[in-house]
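[1] Quick one: sequence and predicted model below, then my questions.
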Amino acid sequence: MSLLVVGSVALDSVQTPFGSTADALGGSAVFFAVAGCLLHPVQMVGVVGHDYPIDRLERMARRGIDLAGVERVRGESFRWKGKYSYDLQNRETLETRLGVFAEFQPRIPAQFRDARYVFLGNIDPELQLGVLDQIRAPELVACDTMNYWIQSRRDVLLRLLRRVQVLMVNDAEARQLSGDWNIYRAARWILGHGPRYVVVKQGEYGAVLVGANGVFYVPAFPLEQVFDPTGAGDAFAGGFMGHVARTGDLSSDNLRRAMVVGSAMGSFAVERFSVDRFDTLSAEELGERVRSFGELVRFDIQPYAVEPV
Ligand code: AMP
């Protein structure tokens, strides 16, 4: 029941009102993997330059990440620099230095080609399609994308959607892709273009799963301290797909549970800079947080009848 991720392996420099980091571990594949590996072993595919602190990545990988698909090539690693507003709702990209990521051509090692569960992190949709061509018979493919690809590679992205079962995007991306401001209509539009499910992430307001048989909402965990929202979406995806791979159950009830695990992982990601929180995150802490979501949405309303006034 292998779980594969392909995406960026980055060095992030992030400024928030609470501090900053420079050249910290980041990238979509890394955030996905550090969250997912707490639930199921993760196979990772990406590229780094000769300057990447591979020892730091290897230390995280001891928890269950197979780095055989991470190529090391001559040149500089991908670097991303971003700055968050005071309320941590908006971020500005200050700099993107692609380095070796510019020439990234994902090559899936032979031993990864039987992957059953695949997450395509935010990269050129042409490359995402190329990854799918190398996987024999995936059972569930989820993918992310971003405004840049929606605008510049729309046709390829639409071709990719035909081969994806779950699209995970934020609300702005769902609106941009569908051309509809209403996220439920936007999700319906996306379902008409291939995926069986759409996950629309709404930051501190939670996330919505939309499928043919209904809508499910999971709140974001009510944290009093948020340090760095970077990577929350990818950690969410790691929790979601990790749960699916661990259980091997694609029923809509189980995807609802995957949403809760995803939201829990997203909440851990933002508690510290970079992937630091995952260094010490235990199975007990994860279990406790997942269970506490039940309390967040539980209410007792029976018998409930409103008499006419
Ligand atoms: P998220 O906060 O979930 O959107 O993910 C942030 C991560 O995406 C950071 O760790 C960045 O290194 C990475 N990232 C930023 N821009 C790009 C890009 N253009 N392509 C791939 N990864 C990116």
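    Yep, it's here.
[2] so how many other residues sit close to Val199?
    29 (other Cβ atoms under 10 Å). For the C-beta atoms, the positions are set from N, CA and C on the backbone; glycine is no exception.
[3] Just to check, it is in contact with Val208?
    Yes. Here Val199 lies in contact with Val208, judged by Cβ atoms under 8 Å, at a distance of 7.2 Å.
[4] Could you look up the SS state of the residue in the stretch 201-309 of the chain that the ligand sits nearest to?
    Among residues of the stretch 201-309 of the chain, the one nearest the ligand by Cβ to the nearest ligand atom turns out to be Gly233. It sits 3.3 Å away. Secondary structure, DSSP: H, G, I helix; E, B strand; the rest coil: Gly233 is helix.
[5] For Phe31, see how far away it is.
    According to Cβ to Cβ, to the nearest Å, Gly233 and Phe31 sit 8 Å apart.
[6] quick one, phi psi at the closest residue to Phe278 other than its chain neighbours?
    In space, and not counting its chain neighbours, Phe278 is closest to Val34: 4.0 Å by Cβ to Cβ, 6 or more residues apart in numbering. Note on Val34: its backbone torsions stand at phi -70, psi -30 [degrees, to the nearest 10].
[7] Please apply the same query to Arg72.
    phi -110, psi 120.
[8] Contact residues of the stretch 201-309 of the chain facing the ligand?
    230-234 (Cβ under 6 Å from any ligand atom).
[9] 5 Å instead, please
    230-231, 233-234 (Cβ under 5 Å from any ligand atom).
[10] Can I get those in a markdown table including neighbour count?
    Output for these, formatted as a markdown table (neighbours: other Cβ atoms under 10 Å):
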| residue | neighbour count |
| --- | --- |
| Thr230 | 25 |
| Gly231 | 29 |
| Gly233 | 25 |
| Asp234 | 32 |
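[11] list the buried ones in stretch 78-85?
    Under the neighbour-count criterion of 16 or more other Cβ atoms under 10 Å, stretch 78-85 has 78-82, 84 buried.
[12] mind listing the helices for this protein?
    28-36, 54-61, 125-134, 147-152, 154-161, 171-178, 183-191, 232-247, 252-269, 276-280, 283-297 (DSSP state H).
[13] Pick the most deeply packed of those.
    For these, average neighbour numbers computed from mean count of other Cβ atoms under 10 Å are highest in helix 28-36, which has a mean of 32.
[14] CA atoms of it as PDB?
    Extracted C-alpha coordinates of helix 28-36, given in PDB (Å, rounded to 0.1, in the frame of the first residue of the first chain):
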ATOM      1  CA  SER A  28       5.800  20.700  -0.700                       C
ATOM      2  CA  ALA A  29       7.300  17.200  -0.700                       C
ATOM      3  CA  VAL A  30       9.100  17.700   2.600                       C
ATOM      4  CA  PHE A  31       6.000  19.100   4.400                       C
ATOM      5  CA  PHE A  32       3.900  16.200   3.000                       C
ATOM      6  CA  ALA A  33       6.400  13.600   3.900                       C
ATOM      7  CA  VAL A  34       7.100  14.700   7.500                       C
ATOM      8  CA  ALA A  35       3.400  14.600   8.300                       C
ATOM      9  CA  GLY A  36       2.500  11.500   6.200                       C
END
